[in-house]
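K.L.:
sharing a model prediction with you, sequence too.
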Amino acid sequence: MPFVFYIFFMKQLIFFLFLISTTFYAQSKDTIVDSKYFEDQLYIGLSYITMTNLPETVKSNGFSNSLVLGFIKDIPLNEQGSFAFGVGLGYGRNTYFQEIRILKSNSGTLFENVHSDNFKNNKFSIHSIEMPIELRWRTSTIDKYKFYRIYAGGKIGYAFATKSRFKTDDSIIKTKGISEINKLQYGLTLSLGYGTWNINLYYGLNDIFSNAKLDGVTPIKMRDFRVGLIFYIL
């Protein structure tokens, strides 16, 4: 799916979330308590993925990226609202461009090393339901909407769909349901910034694959590190 499409999709989604947040704010404006208030409950983010622990003969090849969006329940922990706990539910799509061709065979899934001059692009994608958990610090007040924030925590993702796509000048090979991809993906997260612009980091704590071997020999112990931007609404 072209990167331009993701930008268009994000613009449309941000507009949609803005309408939702405006409605929620109008409904709760008269009932909110001055000593406690909620922040940053809707989020959307786009990150660049760096793959770590790749086999020596494998390279990244393309713009590996991650798209996340969802809702976090904000629970203030003090009267000023500067500290809070957050737990949420969201969707994540991670796409990895690299030089491992994934194919189905009668004997199982094959992971083959390919060379950069043999194909146009090669990727696999993971679609997950995610649960973020955060400890939150911010300098906001009930009527101050631009403020500094530091949100640290982690998230657990459950992969409900996986697929790969290998494209050459002559053909396209698609593979769905890659059982060697771990259903559970989890890692540490950190978001920090001011106002609209916030840096978002993710460090994966477990391998993306389980019992996968490159060319039937080398275990694939790949993990990911993501850096990008995250936008909060409401």
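P.N.:
Perfect, thanks for sending it. Keep in mind that what you see is a predicted model, and the values were worked out from it rather than measured. Numbering: from 1, shown residues only.
K.L.:
not counting its neighbours along the chain, what's nearest residue 85?
P.N.:
Residue nearest to residue 85 in three dimensions, not counting chain neighbours: residue 75, with 4.7 Å by C-beta to C-beta, 6 or more residues apart in numbering. C-beta coordinates here come from the backbone N, C-alpha and C atoms, glycine included.
K.L.:
that neighbour contacts residue 88, doesn't it?
P.N.:
No: counting by C-beta atoms under 8 Å, residue 75 does not reach residue 88; the two are 11.0 Å apart.
K.L.:
okay, these two: which has more neighbours?
P.N.:
residue 88 (18 against 12; other C-beta atoms under 10 Å).
K.L.:
tell me the buried residues in the top strand by length along the chain?
P.N.:
Scanning the chain for the strand with the most residues, using DSSP state E, yields strand 148-167. Buried positions in strand 148-167, judged by neighbour count with 16 or more other C-beta atoms under 10 Å: 149, 151, 153-155, 157, 159, 162-166.
K.L.:
what do you get for stretch 110-118?
P.N.:
Buried, per 16+ other C-beta under 10 Å, within stretch 110-118: 110-111, 114.
K.L.:
dump stretch 46-59 to PDB, restricted to CA.
P.N.:
Taking C-alpha atoms only, stretch 46-59 is exported to PDB below (Å, rounded to 0.1, in the frame of the first residue of the first chain):
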ATOM      1  CA  LEU A  46       3.000   7.000  12.500                       C
ATOM      2  CA  SER A  47       6.500   5.700  13.100                       C
ATOM      3  CA  TYR A  48       9.600   4.400  11.200                       C
ATOM      4  CA  ILE A  49      10.700   0.900  12.100                       C
ATOM      5  CA  THR A  50      14.300  -0.100  12.600                       C
ATOM      6  CA  MET A  51      14.800  -3.900  12.600                       C
ATOM      7  CA  THR A  52      17.300  -5.300  15.000                       C
ATOM      8  CA  ASN A  53      18.900  -8.800  15.400                       C
ATOM      9  CA  LEU A  54      18.500  -9.500  11.700                       C
ATOM     10  CA  PRO A  55      20.600 -12.400  10.300                       C
ATOM     11  CA  GLU A  56      23.900 -11.200   8.900                       C
ATOM     12  CA  THR A  57      22.900 -11.900   5.300                       C
ATOM     13  CA  VAL A  58      19.600 -10.000   5.500                       C
ATOM     14  CA  LYS A  59      19.100  -6.200   5.100                       C
END
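K.L.:
just name the shakiest helix or strand of the chain by mean pLDDT.
P.N.:
The helix or strand of the chain with the poorest confidence is helix 3-28; it has a mean of 50 (mean pLDDT, DSSP states H and E).
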